[in-house]
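S.K.: mind folding the following:
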Amino acid sequence: MANIATAFANTLMGMGTVFVMLIFISLLISLFGYIPKLEEKIKNIGKKPEPVKTEESAAVVEEPQTQAVNLQKDEQLVAVITAAIMASYGSNAVSADKLVVRSIHRVDGRRA
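M.R.: Numbering: from 1, shown residues only. Have a look, this model is predicted:
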């Protein structure tokens, strides 16, 4: 009976130690989100803060772009994508599974 009690105590001590260490690791990982903020504060100690830009001043700073340049870039992008699709299909414009590209939309800098 003493052997069973000792084995049970050893099991509880082992499981308890593992559980405590898992909690410690979880807390340590949750603190990783604060590390970049602390590094930024340490790096900016002694530097003069930059003036806050308002929406009006930001609008003035932006360089105006002509619509024609943007359209030309879009047309070039569509031409490159179309050429890549056609090259991947070879001489057939429609794939074996009847896939046809109907439109291409730009996603604002997001990637999957």
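
S.K.: same for the one helix or strand L12 maps to, what does it pack against?
M.R.: Assigned by DSSP states H and E, L12 belongs to helix 2-30. Helices and strands touching helix 2-30, as assessed by 3 or more Cβ pairs under 8 Å, 6 or more residues apart in numbering; DSSP states H and E, are absent. For the C-beta atoms, the positions are set from N, CA and C on the backbone; glycine is no exception.

S.K.: so that it lines up with my notes, have the first residue be 38 from now on.
M.R.: All right, first residue 38 from here; so that's helix 39-67.

S.K.: residues of that helix that come out buried?
M.R.: Residues of helix 39-67 classed as buried by neighbour count (16 or more other Cβ atoms under 10 Å): none.

S.K.: which SSE is immediately downstream of it?
M.R.: Reading on from helix 39-67 to the C-terminus, the next helix or strand found by DSSP H and E is helix 72-80.

S.K.: neighbours around V115, how many?
M.R.: Neighbour count for V115, taken as other Cβ atoms under 10 Å: 13.

S.K.: avg pLDDT for the helix holding L49?
M.R.: Mean pLDDT, helix 39-67: 96.
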